[in-house]
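**Student:** Next come a sequence and a model predicted from it.
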Amino acid sequence: MSLLSVRDLTVKFAMRDQTVTALNGISFDLAKGERLGIVGESGAGKSITGFSLMNLLSRPGYIDTGKILFEGEDVVQMNDKRLRNLRGNRMAMIFQDPMVTLNPVLTIGQQMIETLMAHRKLSHEEARQIAIVKLREVYIPSPEERLEQYPHELSGGMRQRIIIAIALLLDPQLIIADEPTTALDVTIQADIMELMLELCQSNQVGLILITHDLGVVSQMTERTLVMYAGRIIESGRTREIINDPQHPYTQGLINALPQQTVPGQRLKQIPGNMPGLASIPAGCAFNPRCKYATDLCRSRVPEAVHYGGVEVACHEVQRLNSDEDRQEARA
Amino acid sequence: MFAYLAKRVIQAVAVMFVISLIAFAIQGNLGDPLRELVGQSVSEEVRQQLRDEMGLNDSFVTQYLRFAGNALQGDLGTSYFFKEPALDVILKKLPATLELVFGATLIIVGFSVPLGVYTAIKPDSILSRIIMGLSIVGISIPVFLTAILMIFVFSVEYGWFPSYGRGDTVHVWGYWETNFATADGWLHIILPSIALASIMLPLFVRLIRAEMMEVLQSEYVKYAKAKGINPWRIYFVHALKNTLLPVITVGGVQIGTMVAYTILTETVFQWPGMGFMFLEAVNRVDTPLIVAYLIVVGFIFVVTNTIVDLIYGLVNPTVNIARMGA
């Protein structure tokens, strides 16, 4: 049995004059200890997917239909008490910006100890000892002193380490990391990613890494989902997706990487922008930006098909595979 | 810490200097002091002589320096009406006013926090809408009207509370008499305290609600939820502490403002405090007393604000008083 099994998850936002669909029938599985990357442009629904898994969407967003089975139990149906027991305990989350994630008026110790005591019957001192052990695991020097400090006394990288330590406090089955290094210095990003990989592997923790950085995904994860306008358009083993992407959008993303361009030339960007949630085009949402688009693409939403080692939702995947440009790009 | 304190004290002194200038300028423009001192029968020659003796013909600067020098030694002039040092007159009235302000502050703190938090947590509930509606009414009705209405309903119609005065007070020390020692004293202070609180309380409910709603949207509250923390702990530990930081700053200014608002409340309830005294002093053109009142109230303002800033530094960990100003 898989650890997490998401089926036909649809998330909507009730706006003042209309209801928009942010996630449209998403399905995926995660095995115990598996690391999954979710990539896509801003607004594709990556973060919303992450928050939905914890049933932590804030108004006006809500889960419309679908199931999120975590260890066999449906998160969507859980009551508040069950949800509290799940959050931070069996499933932990690492937020994007460590500068605003920790409460500025509570010490690091208070914020760690409260998390432990919310889920386990521990004395304050026992909780403190566990917190110190976890801070050591994320290589924080003199953890006893850190416990007495307030967030503003620590650097961004240090804070993100502490947030990782908090995520690991209760030995969860799954950690959801929502762009955990976007707000950090480039030099620290690699350190944090390496630390997360090491800890997930040694503790057998599942990881869902939400990012727009394909390089990070290729180093960190075993499987990848590519999202576009609230749908999964391509999924499969990370190696396959990076080396041999099938969907024109994924191809565009990979071609846009600076490494794919001769220095001095313009980056090969995908023309146009991701559509807003209120104006998703009919058919395949990517069709206005896609040079392979046909009438079929403009009228019918493509189903996911198995092709070249991945699942891909594209009508024209076969034609495109024999395309000359494509062959050229691959060479 | 010392450098910060010193900086604050210098600021306070500067503010007091400006207040004393204004108060002194008022003194010079509130008519001829001699008219209050001597009768009409005194001849112009004698008047001139008196003016010279009193230094009224000196330059503005000389007069101000004399005034400020006396003020620094606690001499704010002599009340024409009471024939006593103006400062003594005010200090005798001060306890009554401070107790009234204290009573109102208790009401404001006791009610604004729970009401503000509740309306922020459940913004759509019927009770919240009622509270918010009433708060608009409270802000809109002037203090004296609230006071008269309360006297009419609770004193005249039902006879639950006395309508004027301080009732039985008990001497604590010096001339400080307190209302909080006898049941009669409590009964007398309740209506005036409510009246005085009637404008500030709704203001604080709305302020706390607005701040709290903003804090509840913050990342760290979302993060606390993601950690599975109990909602009560999120509301009262994570959110409220952050909510109160800006509220403390505003609150300090408002306590000062309340001292000024006591003029209306004390007048309606015949409360023997310095607000009531001030109104009488204005009626009697008791210039030294008016000036002394302005300076004392200004002083209270400056002191409360300085104290509030220090408290803010202690509550907010991101402000390090020990290192500030260094």
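**Tutor:** Okay, I see it. Note that the coordinates shown come from a computational prediction; the quantities given were computed from them, not determined experimentally. Numbering: from 1, shown residues only, chains lettered A, B, ... in the order given.

**Student:** Close to chain B: what parts of the stretch 151-300 of chain A are there?
**Tutor:** With Cβ under 8 Å from any Cβ of the partner chain as the criterion, the stretch 151-300 of chain A meets chain B at residues A:His152, A:Ile166. In this view, the C-beta of every residue, glycine as well, is placed from N, C-alpha and C.

**Student:** Of all the residues in the stretch 151-300 of chain A, which one is nearest chain B?
**Tutor:** Closest approach between the stretch 151-300 of chain A and chain B, counting by Cβ to the nearest Cβ: A:His152, at 4.9 Å.

**Student:** count of neighbours near the residue nearest to that residue when sequence neighbours are not counted?
**Tutor:** In space, and not counting its chain neighbours, A:His152 is closest to B:Thr318: 4.9 Å by Cβ to Cβ, 6 or more residues apart in numbering or on different chains. Residue neighbour count, defined by other Cβ atoms under 10 Å in any protein chain shown, stands at 12 for B:Thr318.

**Student:** Phi, psi for B:Thr318 please.
**Tutor:** Note on B:Thr318: its backbone torsions stand at phi -80, psi -10 [degrees, to the nearest 10].

**Student:** who are the neighbours in contact with A:Asp42?
**Tutor:** Asp isn't right for residue A:42; it's Ser. Counting by Cβ atoms under 8 Å, 6 or more residues apart in numbering or on different chains, A:Ser42 touches A:His212, A:Met274.

**Student:** Next one, pLDDT for it please.
**Tutor:** Looking at A:Ser42, its pLDDT is 82.

**Student:** cool, and A:Gln149?
**Tutor:** So A:Gln149 comes in at 92 (pLDDT).

**Student:** Tell me who's in contact with it.
**Tutor:** By Cβ under 8 Å, 6+ apart, A:Gln149 lies in contact with A:Thr107, A:Ile108.

**Student:** which SS class is it?
**Tutor:** At A:Gln149, secondary structure determined by DSSP: H, G, I helix; E, B strand; the rest coil is coil.

**Student:** now the helices: where do they sit in the stretch 151-300 of chain A?
**Tutor:** A:156-168, A:186-203, A:214-220, A:238-243, A:248-255, A:295-299 (DSSP state H, counting those that start in this stretch).

**Student:** buried ones in the fifth one?
**Tutor:** It stands for helix A:248-255. A:Pro248, A:Tyr249, A:Thr250, A:Gln251, A:Gly252, A:Leu253, A:Ile254 (16 or more other Cβ atoms under 10 Å in any protein chain shown).

**Student:** Pick the one among these closest to B:Tyr4.
**Tutor:** B:Tyr4 has its nearest neighbour among the buried residues of helix A:248-255 in A:Leu253, at 53.3 Å by Cβ to Cβ.

**Student:** how far away is the nearest residue to the closest one once chain neighbours are set aside from A:Ala177?
**Tutor:** Spatial nearest neighbour of A:Leu253, excluding adjacent residues (Cβ to Cβ, 6+ apart): A:Leu214 at 6.3 Å. Using Cβ to Cβ, to the nearest Å, we find A:Leu214 at a distance of 16 Å from A:Ala177.

**Student:** Neighbour count for the two, which is higher?
**Tutor:** Of the pair A:Leu214 and A:Ala177, A:Ala177 is the one with more neighbours under other Cβ under 10 Å, namely 28 against 22.

**Student:** re earlier: can the buried residues of helix A:248-255 go into CSV with extra columns for pLDDT?
**Tutor:** Shown next, in CSV, are these (pLDDT from 0 to 100):
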residue, pLDDT
A:Pro248, 88
A:Tyr249, 89
A:Thr250, 89
A:Gln251, 87
A:Gly252, 86
A:Leu253, 86
A:Ile254, 86
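
**Student:** residues contacting the residue nearest to the spatial centre of chain A?
**Tutor:** By Cα atoms, centre = their mean, chain A has its centre lying nearest to A:Ile210, at 2.0 Å. With contact set as Cβ under 8 Å, 6+ apart, A:Ile210 has these partners: A:Gly37, A:Ile38, A:Lys46, A:Ser47, A:Thr49, A:Gly50, A:Ile176, A:Ala177, A:Asp178, A:Glu179.

**Student:** if we go to 7 Å?
**Tutor:** For A:Ile210, the contacting residues are A:Ile38, A:Lys46, A:Ser47, A:Gly50, A:Ala177, A:Asp178, A:Glu179, by Cβ atoms under 7 Å, 6 or more residues apart in numbering or on different chains.

**Student:** Could you give the bridge partners of the fifth one?
**Tutor:** This points to A:Ala177. Under DSSP bridges, the beta-bridge partners of A:Ala177 are A:Ile94, A:Leu209.

**Student:** Ok, the first one next?
**Tutor:** Here A:Ile38 shows beta-bridge partners A:Ile210, A:Leu225, assigned using DSSP bridges.

**Student:** so how many other residues sit close to it?
**Tutor:** 28.

**Student:** what's the answer for the last one, then?
**Tutor:** Here the neighbour count serves as a burial measure; for A:Glu179 (other Cβ under 10 Å) it reads 21.

**Student:** Setting aside sequence neighbours, what's the nearest residue to it?
**Tutor:** What sits nearest to A:Glu179 in space, not counting adjacent residues and going by Cβ to Cβ, 6+ apart, is A:Gln96, at 4.5 Å.

**Student:** and the one you found, what does it touch?
**Tutor:** Contacts for A:Gln96 (Cβ under 7 Å, 6+ apart) come out as A:Asp178, A:Glu179, A:Thr182, A:Ala183.

**Student:** From B:Ala239, how far out is the first one?
**Tutor:** Right, the one you point to is A:Asp178. According to Cβ to Cβ, A:Asp178 stands 22 Å off from B:Ala239.
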